[in-house]
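**Q** one predicted model, sequence on top.
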Amino acid sequence: MKTAIVGTGYVGLVTGTCFAEMGANVICVDVDRTKIEKLKNGIIPIYEPGLEELVKKNCNDGRLNFTTDLASCINDVDIVFSAVGTPPDEDGSADLSYVLEVARTIGRTMNKYLLVVTKSTVPVGTAALVRKAIQDELDIRNLDIQFDVASNPEFLKEGNAVNDFMHPDRVVVGVESEKAKALLSRLYKPFLINNFRIIFMDVPSAEMTKYAANAMLATRISFMNNIANLCEKVGADINMVRAGIGSDERIGSKFLYAGCGYGGSCFPKDVRALIKTASENDVDLEILKAVERVNDEQKMILFKKLSAYYSNKLSGKTIAVWGLSFKPETDDMRDAPSLLLVDALVKAGCVVKAYDPIAIPEAKRRLGEDHIIFVDDMYDALIDADCLMLVTEWKQFRLPSWAVIRKLMKTPYILDGRNIYDREEVKALGFDYECIGR
Ligand SMILES: NC(=O)c1ccc[n+]([C@@H]2O[C@H](COP(=O)([O-])OP(=O)(O)OC[C@H]3O[C@@H](n4cnc5c(N)ncnc54)[C@H](O)[C@@H]3O)[C@@H](O)[C@H]2O)c1
Ligand SMILES: O=c1ccn([C@@H]2O[C@H](COP(=O)(O)OP(=O)(O)O[C@H]3O[C@H](CO)[C@@H](O)[C@H](O)[C@H]3O)[C@@H](O)[C@H]2O)c(=O)[nH]1
């Protein structure tokens with residue numbers, strides 16, 4: 001089965017590689033020449049555990065190829081997936097310009113039946129816009145060619161992307177014809193050994209499912225952060241509360257971790273885009289507005305705690321920051337809580353010493369190097385520090401040498417933004433310790 005994936009970013013590369021791994025013949029397309037050149041030379045432009053080996057294996061086996069020229073392969077494939085970015089517009093809505101540009105290119109170049117599947121996260125109604133964009137181009141060319149559009153949103157998580165794609169809880173597919181359903185069933189058939197469900201539905205429902213899933217997960221996190229802040233006031237422990245409520249099967253234990261806010265390329269933008277879609281349809285998604293507001297405040301929680309500890313006198317304080325990426329196992333800094341936090345620290349006159357196992361190059365690009373000292377060793381960040389802020393819970397931070405930390409820091413003060421340390425243990429070692437919701 002021959003498939004083209006247009007947009008070889010995070011999702012496109014993982015999707016293409018996993019389809020190839022399952023036996024499909026895949027060509028990944030991207031307008032970014034540098035990216036495609038790198039991929040052709042076996043260089044993976046993103047950090048994602050397990051991906052590099054899989055890309056190389058499938059390239060060597062000849063099932064995975066790369067090009068910048070969609071026109072050169074469009075008439076050799078049965079299915080085209082569009083996995084280009086849908087970044088937020090200024091008003092919060094999803095920018096569909098890349099999706100529609102791909103649709104127009106398809107319409108300008110296709111000469112036979114195609115199934116055009118949108119994998120990007122797109123608002124309800126986008127499939128209809130894609131259909132129209134393709135049809136308009138065919139009309140200009142005076143061609144009567146049949147095609148189908150479908151929606152197949154992606155639910156993978158960064159840092160666990162390959163495993164999520166290979167072993168999904170479910171695959172959601174919105175189709176408008178039996179032919180489209182049959183083609184996608186065939187493509188996904190090899191994955192069925194992994195025991196998941198394909199849920200077929202209409203296209204608008206598939207498009208909405210993606211936003212609803214991310215909005216629900218973001219809601220759980222903001223809810224827990226809200227409750228965590230209350231726990232601190234009333235002497236309860238959010239970890240105990242999480243264990244207590246998560247064991248109720250109706251609630252479930254996942255995505256209930258309080259912390260210093262959610263970030264990443266999806267939750268913030270998708271929550272905003274869904275609020276925008278709702279307001280365009282005269283629906284007030286009050287819950288999601290609160291989810292966003294709570295998260296914006298939560299991203300500043302470590303800064304607020306630090307300010308209170310030092311009675312608002314932060315100028316000249318040296319702050320060690322451990323973890324910059326929006327979550328562990330990725331170098332992605334999109335909407336990372338560390339961005340706002342570090343900015344606030346710098347503005348308050350702090351000296352920031354930052355360490356991340358993988359994301360420092362990306363952090364330098366986003367934060368600049370003027371006011372931040374980036375270090376290559378997690379302990380170097382602690383020299384003369386007045387506070388250690390744990391922002392991203394990389395594994396290597398979980399069991400640090402407390403004796404070394406105690407010796408290096410000027411003030412033994414730890415702000416644990418992800419609740420990874422044992423409060424009693426750290427306090428017994430002579431540290432002042434604050435975390436979230438305990
Ligand atoms: N990153 C994730 O974890 C994740 C997970 C699920 C869904 N999504 C959704 O998937 C979509 C893609 O996200 P991403 O993180 O992979 O984006 P990305 O920014 O990493 O990649 C997008 C790629 O599309 C390419 N592109 C843009 N216009 C093009 C064109 N006309 N032709 C060919 N290539 C083009 C860009 O050069 C870029 O390489 C978004 O809608 C996102 O919301 C992302
Ligand atoms: O209990 C939790 C779980 C997560 N987070 C934070 O939430 C953010 C997002 O984490 P995660 O969902 O693991 O990463 P993403 O790669 O952004 O994945 C989300 O966004 C993707 C893009 O739409 C979807 O495909 C995934 O299903 C969805 O989980 C991160 O900042 C985490 O620190 C918490 O604060 N508490």
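**A** Right, received. Where do you want to start? No experiment lies behind these values; they were computed from the predicted model shown. Ligands and ions are numbered 1, 2, ... in the order given.
**Q** close to ligand 2, is stretch 223-242?
**A** No. Using CB under 6 Å from any ligand atom, stretch 223-242 stays clear of ligand 2, coming no nearer than 7.0 Å. Heads up, the C-betas are built off the backbone N, CA and C, glycines and all.
**Q** buried residues, the lowest-mean-pLDDT helix or strand in the chain. List them.
**A** Scoring the helices and strands of the chain by mean pLDDT, DSSP states H and E places strand 197-201 at the bottom, with a mean of 93. Across strand 197-201, burial judged by 16 or more other CB atoms under 10 Å covers Ile198, Phe200.
**Q** quick one: name whatever helix or strand follows the helix ranked longest in the chain.
**A** Ordering each helix of the chain by length in residues (DSSP state H) puts helix 203-234 first. Downstream of helix 203-234, the next assigned helix or strand under DSSP states H and E is helix 238-246.
**Q** ok, the helix or strand just after that next one near ligand 1 or not?
**A** Helices and strands here follow DSSP H and E; after helix 238-246, the next one along the chain is helix 267-280. No. Helix 267-280 stays clear of ligand 1 (CB under 6 Å from any ligand atom), getting no nearer than 6.7 Å.
**Q** which outside residues touch helix 267-280?
**A** With CB atoms under 8 Å, 6 or more residues apart in numbering as the contact definition, helix 267-280 has outside contacts at 86-88, 91-94, 121, 123-124, 210-212, 214-215, 217-218, 221, 262, 284-285, 288-289, 291-292, 295, 335.
**Q** hang on, the earlier thing: what separates the longest helix of the chain from the chain centre, distance-wise?
**A** Helix 203-234 sits 15 Å away from the centroid of its parent chain (CA atoms, centre = their mean, to the nearest Å).
**Q** show me how to select, in PyMOL, the buried members of the contacts of helix 267-280.
**A** In PyMOL syntax, the buried subset of the contacts of helix 267-280 is picked out as below (16+ other CB under 10 Å):
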select buried, resi 86+88+92+93+94+121+123+124+210+211+214+215+217+218+221+262+285+288+291+292+295+335
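**Q** now, which of the contacts of helix 267-280 lie close to ligand 2?
**A** Contacts with ligand 2 within the contacts of helix 267-280, counted by CB under 6 Å from any ligand atom: Thr121, Asn214, Leu217, Ile221, Tyr262.
**Q** which one of the residues you listed is nearest to ligand 2?
**A** Using CB to the nearest ligand atom, Tyr262 comes nearest to ligand 2 of those, at 3.4 Å.
**Q** against Leu302, how distant is that closest one?
**A** The gap separating Tyr262 from Leu302 is 14 Å, by CB to CB, to the nearest Å.
**Q** and for Asn58?
**A** On the measure of CB to CB, Asn58 and Leu302 end up 42 Å apart.
**Q** and what of Ile373?
**A** Using CB to CB, Ile373 is found at 18 Å from Leu302.
**Q** more crowded one of those two?
**A** Leu302 (29 against 15; other CB atoms under 10 Å).
**Q** got the residues of the stretch 1-150 of the chain near ligand 1?
**A** 6-12, 29-32, 35, 83-86, 98, 101-102, 120-121.
**Q** make a PyMOL selection of whichever of those residues turn out to be buried.
**A** Buried residues among those (16+ other CB under 10 Å), as a PyMOL selection:
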select buried, resi 6+7+8+9+10+11+12+29+30+31+35+83+84+85+86+98+102+120+121
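**Q** what about Leu138, how many residues nearby?
**A** Quick note: Leu138 (other CB under 10 Å) scores 17 neighbours.
**Q** next up, the contacts around it.
**A** Gly107, Met110, Asp144, Ile145.
**Q** which neighbouring elements make contact with the helix or strand Leu341 falls within?
**A** Element membership for Leu341, per DSSP H and E: helix 337-347. Judged by 3 or more CB pairs under 8 Å, 6 or more residues apart in numbering; DSSP states H and E, helix 337-347 is in contact with helix 301-309, strand 318-322, strand 351-355, helix 360-367.
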